[in-house]
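J.: how would this look folded up:
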Amino acid sequence: MSELNLTGCVIANSNKTIKSLVTYIPAIELENYFFVNRIPSQLEVFFDAAKNKTNLKRVNDIQVDLEKELSLGAIGTPISLTMVLGGKPTLSRTGSTATITYDRASSFVVGEILILTAVLKSLGIKTPLFSSRLSTSEIKKKSVFRQMLAVQSVVLTVIFDDESGIDEEQVKELFFKFNRQHSGMHLSQFSEANDTFPLKSYVLKLADDLSLERFGGVSDKSKHVKMSESYVTTEYILFKFLVGAVAGAHVQEICKMSDDVMTPLGKKVSECLSNGNLEYIKAFLNSWLTSLEHGGKAERAGFRLSAQIWQALALVIHRLISDGASVQDVSHAGLVLGHLDYTKKAAHWSDCEVMALDSNGRLYKNAANSTREFRNGLANYFYRIVSK
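T.: Alright, predicted model coming up:
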């Protein structure tokens, strides 16, 4: 764990242990001092919702402003960001200045993420929101601007607590407080940390009707299940599952949790679920989960809890419903696919066009060129199995 030091002026409240250090560094040094691409697991769904046209336009507008200010001398405000340090960094004081010693991995940008994205995007550095890939013409055309931006000072307010520490829930709270108070990222219906989303009631109903608690429950803290966790899935994956089963692959890929999702035919996914589609989904999953119930920890290994597997299974349901399958047919398909071996050594993966053996020839891995290709390839493979 590499430790970093930042020196500046500390602002403290005698009644609180949380403090702020105000300092500045060149823009090009941001990624060296802070984990600028870090997205805490409990905020992943919100960052996913933030990848929208409104925020992209704001980022592009900020880039234009920065270029005018630096290249043409237009009036502007200092580049300013607010960071938070998780855990308990070390604080030392020398006269009127103070130094904090911290681990870069504990840092997170809670304030002015769109400005951060605009700066990093202009410099060609990976951003937490949108692509920062620069074309050859952009590299040549704006090289002077990028050089000027690289050395431009960025004013930093670093929030930390060297006495009690700051945990992940407090990080999440600070993120939403800043965005409420400073008109930050456009998060559609996610203006509050505990806000719901249009399909949440269906996600919760599905989880409750399937008694997913007996498999470890459903996480609302992150997008995907980590191997170290006991959860069987997440609200995000169930959301994608519902959408895929009702609306198909394209809508499943592009939808955000904050959307009131529509099918390609213009119907609300929520209405389709209420009108019977949810029964097909429950029937399939109820059968598919049987193996997990009887297999214990061994069945959790491999690909079974993968988000891409779940989303591909949803696409199988969509195709079966489109084929005119009955609820019983879909339930049987779930049973067949539930009995598949999802370990990475399973020989049947050789029949799947998006799977290939690793360099050691022992374990199967994703051999597709993109996540979309992998997901659709899995769906085609599963559909062939249940169509035999």
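J.: pLDDT score for F176?
T.: F176 is assigned 86 on the pLDDT scale.
J.: need the helix or strand of this structure with the lowest average pLDDT.
T.: In the chain, the helix or strand scored least confidently by mean pLDDT, DSSP states H and E is helix 297-300, which has a mean of 61.
J.: For the stretch 151-300 of the chain, just list every one of the strands.
T.: Along the stretch 151-300 of the chain, the segments classed as strands by DSSP state E, counting those that start in this stretch run 153-160, 218-219, 233-234.
J.: For K256, which of those is the nearest?
T.: strand 233-234 (14.9 Å; Cβ to Cβ). Any C-beta I mention is one placed from the backbone N, CA and C, and that applies to glycine too.
J.: which other residues reach the closest one?
T.: 212, 218-225, 305, 307, 310 (Cβ atoms under 8 Å, 6 or more residues apart in numbering).
J.: Relative to S96, which of those is nearest.
T.: K221 (40.9 Å).
J.: Out of the contacts of strand 233-234, which end up buried?
T.: The neighbour-count test (16 or more other Cβ atoms under 10 Å) marks 212, 218-219, 221-225, 305, 307, 310 as buried among these.
J.: Distance to S71 added to those residues, as CSV?
T.: Below are the buried ones among the contacts of strand 233-234 laid out as CSV (distance: Cβ to Cβ, whole Å):
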residue, distance to S71
L212, 55
V218, 50
S219, 46
K221, 43
S222, 41
K223, 39
H224, 42
V225, 47
L305, 50
A307, 43
W310, 48
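J.: Just the closest of these to I115, please.
T.: Scanning the buried ones among the contacts of strand 233-234 for proximity to I115, where the rule is Cβ to Cβ, the winner is K223, at 24.7 Å.
J.: returning to that earlier point: inside helices: which ones of the buried ones among the contacts of strand 233-234?
T.: Among these, the members falling in helices (DSSP state H) are 307, 310.
J.: now the buried ones among the contacts of strand 233-234 as CSV including pLDDT and distance to A49?
T.: Formatted as CSV, these follow (pLDDT from 0 to 100; distance: Cβ to Cβ, whole Å):
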residue, pLDDT, distance to A49
L212, 93, 23
V218, 92, 19
S219, 88, 17
K221, 77, 15
S222, 79, 14
K223, 83, 11
H224, 84, 16
V225, 85, 20
L305, 88, 23
A307, 93, 17
W310, 97, 20
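J.: Which member of the buried ones among the contacts of strand 233-234 is positioned nearest N366?
T.: Distances from N366 to those, taken by Cβ to Cβ, are shortest for A307, at 12.1 Å.
J.: Verify the stated contact: that closest one with I237.
T.: Yes - at 5.1 Å, A307 and I237 qualify as touching, with contact defined as Cβ atoms under 8 Å.
J.: what residues do the two have in common as contacts?
T.: Common neighbours of A307 and I237 (Cβ under 8 Å, 6+ apart) are 223-225.
J.: among the strands of the stretch 151-300 of the chain, which is nearest K51?
T.: Between these, strand 233-234 lies closest to K51; by Cβ to Cβ that is 18.0 Å.
J.: now that closest one: how far from the chain's centre is it?
T.: Remark: strand 233-234 is offset 13 Å from the chain centroid, using Cα atoms, centre = their mean, to the nearest Å.
J.: And stretch 274-284, by the same measure?
T.: That offset, for stretch 274-284, works out to 27 Å (Cα atoms, centre = their mean).
J.: burial measure for the nearest residue to R362 once chain neighbours are set aside, as a count.
T.: Nearest in space to R362, with sequence neighbours left out and distances taken as Cβ to Cβ, 6 or more residues apart in numbering, is K345 at 6.8 Å. Neighbour count for K345, taken as other Cβ atoms under 10 Å: 12.
J.: for the one 4 residues further on, same thing?
T.: Other residues within reach of W349, judged by other Cβ under 10 Å, total 24.
J.: what do you get for R38?
T.: With other Cβ under 10 Å as criterion, R38 counts 15.
J.: Find the nearest non-adjacent residue to K200, please.
T.: E235 (7.2 Å).
J.: List the residues that contact that neighbour.
T.: 45, 200, 203, 218-220, 257.
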